[in-house]
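Chemist: No sequence on hand, only this structure:
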């Protein structure tokens, strides 16, 4: 019954999306009141999709084995959390989550966007309905999550053990909120381009959506990076894997959009550019979805997936991106010029930020999709790996991090104060940090050294917008910016420390033997069997000490029964100055155990930085929500250039 | 700056950024054009010594030998036409088995592939797309029978 309700809700939602699209032309001509037509339809559509998703959650929670998707991906002996999270740990379920976020966002536009003109809102809701309709069709025709299986088998096939992790409960939903949250920016841009109302009012309506999506993307990427770090057992935090790039590309575009939208909101400038970015950001989300769900690229994250679904997604992608770009080409040139600005001004600083982010995005995009182009053209199979991305995107990212220190010090329109003078102190500290690395670690590589220097510079420079005023009275949005920019410095320091100071030991140890890694002495005490709800394991007990104290670590090799699979569960101990990372390998015929040990000083700063970047976005969002309650009169130039 | 000139400058800057991205990507890709190699490619000397590349193929049955230090293994990867000897120091992934597909990252040193990483698959059903044809051929009983 549940499955049928879910399926019926999806069909109804699809019908409502079509209806919403039908209302759009009338809404554009202001022939109908939106409050009686598109708004309630959008809300009902969101509610129905949410209902369908809730049904899927219930089916998974109960392990209803008459549903094909549950059979393929669940098992009655699985812990409850993973039963529920397993609902989106597969293709159909994750696409349903995708569509749910899309439709619910659509409902929220309908409810919350009171500041937009009715015509733009009608066009935006129409665009959102068109997006949803395509993905409903895809779900219902090519990936129905509610298909029944008769007769029902006695047991399910289980969920991939690598996915049976708290990471699964948090990472995909967060990432999807980010991915699909950008659809609102896309739809609003589409609507505004159609009606020609690209102005600061639109930017201020769009900004909270972009900010929220960006915060979720940031947190999702950070969480995913940490998940891969501890789950894969390789001790790496970023592999430049196609699936990782799939989440990085929308983030880069959203970061650029987040900055340019401020120019549009505050100064009414960069109209066409901002609309373009809004279109690109969600296009990148769709490219990402296509890459992940079609599984056509070699990836540590790839799952065995039907390539025909990829074709369907590719068609949808082409349709939507094509339509948006056509509209942009048609209407983009007729947008009025925005308020002028000088060469040295905050506007041009943000333009430089946008250009650099776009170049990074371009190189990541080309590198990620290059194998597809080559294969399509010549049939030759190849892949592009980490060396390409490091050499191409790495230096640009460092350059951008330096400019992040300077940009916020510039003022709108025209900068008259000597900005460089204010950067003398941070620059000296950056140089001092580089000199210090020569003293501490003379053999350090060039890039980590530079990374430390830039991180030290940015850590100080990012605080300057709060200097010279009472920090407690600074707007929350300014605090948000400072926290985010400081987070970049923190993450950068973590990456530099990880690549400069990581110590690794790989050896066979018998019980009672000791191995050294960095400052640590680690003794293998025992290897004993252990058991969990749906796995058995071999568990090593390690005692670690660095002169004082004794830490116990218990890395495992787990054997899952359904499906049959072995995984390594690394044991990681966090200290204020780094992480001790231990992996238990295979038994040695001579009677020992393979152990892989890492000492990673300050590696945690990478994710702490990521969390700070996201927190800054959240602060800014809160600050803006607070401030919109106390509106100020429109400045004169805004009405002039609107 | 006049608004009209400003737009002109912005469009030029955007065009320059796109151009820069494409040029930079092409410069980066000139070495990467064939990052993925098969044993036949290695035998033909296509993989330059010492450059970071990826090697893919089937782990030859009966070729896995453990070295005395307990953490190094040697094995051969084959694509049915040639075989490449591989050494790997580390913990092999769980789905690494003789007779199944594997992708290794590393470099060719004096004819031997020194692997830094052996890519783990999430799924026993998974096959790297570059090896797709190979798997299909093997299924049809063509490649490895000779």
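Modeler: Structure's in. What do you need? No experiment lies behind these values; they were computed from the predicted model shown.

Chemist: Contacts for stretch A:112-128, please.
Modeler: The contact list for stretch A:112-128 (C-beta atoms under 8 Å, 6 or more residues apart in numbering or on different chains) reads A:20-21, A:23-24, A:27-28, A:30, A:34, A:38-39, A:42, A:102, A:105-106, A:109-110, A:183-184, A:186-188, A:190-192, A:194-195, A:197, A:201-202, A:204-205. C-beta: built from backbone N, CA, C; applies to glycine.

Chemist: Quick one: buried ones out of those?
Modeler: Neighbour counting over the contacts of stretch A:112-128 (16 or more other C-beta atoms under 10 Å in any protein chain shown) leaves A:20-21, A:23-24, A:27-28, A:34, A:38-39, A:42, A:102, A:105-106, A:109-110, A:183-184, A:186-188, A:190-192, A:194-195, A:197, A:201-202, A:204-205 as the buried ones.

Chemist: Tell me which entries of those lie within strands.
Modeler: Taking DSSP state E as the definition of strands, the buried ones among the contacts of stretch A:112-128 contribute nothing to them.

Chemist: Restricted to helices, list the contacts of stretch A:112-128.
Modeler: Counting by DSSP state H, the contacts of stretch A:112-128 place A:20-21, A:23-24, A:27-28, A:38-39, A:42, A:102, A:105-106, A:109-110, A:183-184, A:186-188, A:190-192, A:194-195, A:201-202, A:204-205 in helices.

Chemist: What residues sit buried inside the host helix or strand of residue B:113?
Modeler: Residue B:113 is located in strand B:112-118, with elements delineated by DSSP states H and E. Buried positions in strand B:112-118, judged by neighbour count with 16+ other C-beta under 10 Å: B:113-115, B:117-118.

Chemist: list the helices and strands it packs on?
Modeler: The criterion is 3 or more C-beta pairs under 8 Å, 6 or more residues apart in numbering or on different chains; DSSP states H and E, and the helices and strands that strand B:112-118 contacts are strand B:83-89, strand B:101-109.

Chemist: Now find how far off-centre that strand is within its chain.
Modeler: From the chain centre to the centre of strand B:112-118 is a distance of 10 Å (C-alpha atoms, centre = their mean, to the nearest Å).

Chemist: Also stretch A:334-352?
Modeler: Taking C-alpha atoms, centre = their mean, the mean C-alpha location of stretch A:334-352 is offset from the chain mean by 29 Å.

Chemist: Likewise for stretch A:349-357?
Modeler: Taking C-alpha atoms, centre = their mean, one finds stretch A:349-357 lying 20 Å from the centre of the chain it belongs to.

Chemist: got the phi/psi numbers for the closest residue to residue B:89 other than its chain neighbours?
Modeler: Closest residue to residue B:89 apart from its sequence neighbours, by C-beta to C-beta, 6 or more residues apart in numbering or on different chains: residue B:72 at 4.6 Å. Here is the backbone geometry of residue B:72 (degrees, to the nearest 10): phi -110, psi 140.

Chemist: One more: residue A:526?
Modeler: Phi and psi for residue A:526, reported as degrees, to the nearest 10, are phi -160, psi 160.

Chemist: That one: neighbour count?
Modeler: Residue A:526 has 10 neighbours, counted by other C-beta atoms under 10 Å in any protein chain shown.

Chemist: Would you check that residue A:319 makes contact with residue A:133?
Modeler: No: taking contact to mean C-beta atoms under 8 Å, the distance of 10.8 Å between residue A:319 and residue A:133 leaves them out of contact.

Chemist: Neighbour count for the two, which is higher?
Modeler: Using other C-beta under 10 Å as the criterion, residue A:319 and residue A:133 rank with residue A:133 on top: 20 against 13.

Chemist: Buried ones in the helix or strand hosting that one, by neighbour count?
Modeler: Counting by DSSP H and E, the element that carries residue A:133 is helix A:118-137. Going by neighbour count (16+ other C-beta under 10 Å), the buried part of helix A:118-137 is A:118-136.

Chemist: Would you map the helices across the stretch 401-550 of chain A?
Modeler: Assigned by DSSP state H, counting those that start in this stretch, the stretch 401-550 of chain A shows helices spanning A:419-422, A:424-440, A:446-461, A:476-501.

Chemist: Look up how far residue A:82 lies from residue A:534.
Modeler: Taking C-beta to C-beta, to the nearest Å as the measure, residue A:534 falls 9 Å from residue A:82.

Chemist: of those two, who's got more company?
Modeler: Using other C-beta under 10 Å as the criterion, residue A:534 and residue A:82 rank with residue A:82 on top: 24 against 19.

Chemist: Residue B:38 versus residue B:53, what's the distance?
Modeler: Taking C-beta to C-beta as the measure, residue B:53 falls 11 Å from residue B:38.

Chemist: likewise residue A:276?
Modeler: For residue A:276, the distance to residue B:38 equals 41 Å [C-beta to C-beta].

Chemist: Which residue does chain A have closest to chain B?
Modeler: Chain B sits closest to residue A:362 of chain A, with a gap of 2.8 Å, by C-beta to the nearest C-beta.

Chemist: Wait, that residue touches residue B:22, no?
Modeler: Yes: shown here, residue A:362 and residue B:22 form a contact pair, counting by C-beta under 8 Å, at 6.8 Å.

Chemist: Tell me which of these two has more neighbours.
Modeler: Neighbours were tallied for residue A:362 and for residue B:22 using other C-beta under 10 Å; the higher tally belongs to residue A:362 (23 against 14).

Chemist: That one should be in a helix, yeah?
Modeler: Yes: judged by DSSP: H, G, I helix; E, B strand; the rest coil, residue A:362 forms part of a helix.

Chemist: name the element the residue most central in space within chain A belongs to?
Modeler: Taking C-alpha atoms, centre = their mean, the centroid of chain A lies closest to residue A:217, which sits 2.9 Å from it. Applying DSSP H and E as the criterion places residue A:217 in helix A:200-231.

Chemist: Tell me which other helices or strands the helix or strand following that helix touches.
Modeler: Sequence-wise, the next helix or strand downstream of helix A:200-231 (DSSP H and E) is helix A:242-267. Taking 3+ C-beta pairs under 8 Å, 6+ apart as the contact definition, the neighbouring helices and strands of helix A:242-267 are helix A:166-195, helix A:200-231, helix A:271-294, helix A:346-378.

Chemist: Output the below-cut-off pLDDT ranges for the stretch 501-642 of chain A.
Modeler: Filtered on pLDDT under 70, the stretch 501-642 of chain A yields the residue ranges A:562-563, A:627-642.

Chemist: What parts of it come near chain B?
Modeler: Proximity of the stretch 501-642 of chain A to chain B, by C-beta under 8 Å from any C-beta of the partner chain, involves residues A:506-508, A:563-568, A:583, A:585-586, A:588-590, A:592, A:594, A:596.

Chemist: mind checking how far the residue of chain A closest to chain B is from residue B:18?
Modeler: In terms of C-beta to C-beta, residue A:362 sits 7 Å off from residue B:18.

Chemist: Any idea how many residues pack against whichever residue of chain B sits closest to chain A?
Modeler: Nearest residue of chain B to chain A, counting by C-beta to the nearest C-beta: residue B:21, 2.8 Å away. Neighbouring residues of residue B:21 were enumerated by other C-beta under 10 Å; the total is 22.
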